[in-house]
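Asker: Sequence below, structure please.
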Amino acid sequence: MIQTSRLQLRQFVLEDAAFILALLNTPGWLKYIGDRSVHTELDATRYLAERLIPSYREHGFGFYCVVQKTDQTPIGMCGFAKRPYLDEPDLGFALLPAYSGQGFAVEAAEACLLYGKQLGLKEVTAFTLPTNIRSIKLLERVGFHSPAPFFIPGDEEELLLLRKELETTKTPRAPKIS
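Answerer: This is a model prediction of the structure:
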């Protein structure tokens, strides 16, 4: 588990299906990440079982459920994916709309980057749509740089790919890793 002053980041479990259903159907997720065909709790359970949970075993990392410490409410996800078309893991994040603009995404991203460094990751990437200005600004704020055009193989939509070396990571709010 990763902890910051306000958040806990933990591995997803199947019991998070209702939360995943809500998160993956927010307007921001659908606009900037895309429809993952998760339209029922059963779909969400499958998504967890087939896409999110196996990554912890297969890669030693994955996306983590971002939970508010004060009341244990799940508010988003943040973590790493290992994609076959990228050499390095990539950082991703998403929050429920009610929790945007409060610094939670920056706090979670900084904590994940520190955790990635502790895992021995030397470099991570992140990609987003060029129109997703909030995500680009957040990525730059946590040290990503050199945005360059990027295409997922087999997809014609242009994205921006950013990079960050973790060897020089300096996190102002160092999270507790337990």
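
Asker: the strands in this protein, which residues?
Answerer: Per DSSP state E, the chain carries strands over the ranges 2-3, 7-11, 63-68, 74-81, 90-95, 123-128, 145-150, 159-165, 176-177.

Asker: partner strands of the first one, parallel or antiparallel?
Answerer: Right, the one you point to is strand 2-3. strand 7-11 (antiparallel), strand 176-177 (antiparallel) (DSSP bridges).

Asker: now do the longest one
Answerer: Strands adjacent to strand 74-81 in the sheet, as given by DSSP bridges, are strand 63-68 (antiparallel), strand 90-95 (antiparallel).

Asker: Including distance to residue 28, could these go into JSON lines?
Answerer: Every residue, glycine included, has its C-beta placed from N, CA and C. Putting the strands paired with strand 74-81 into JSON lines (distance: least, Cβ to Cβ, whole Å) gives the following:
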{"stretch": "strand 63-68", "distance to residue 28": "15"}
{"stretch": "strand 90-95", "distance to residue 28": "7"}
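
Asker: show me where the chain has helices.
Answerer: For the chain, applying DSSP state H gives helices covering 17-23, 27-32, 41-47, 53-59, 104-118, 133-141.

Asker: returning to what we had before: okay, the strands paired with strand 74-81, which one's buried deepest?
Answerer: strand 63-68 (a mean of 24; mean count of other Cβ atoms under 10 Å).
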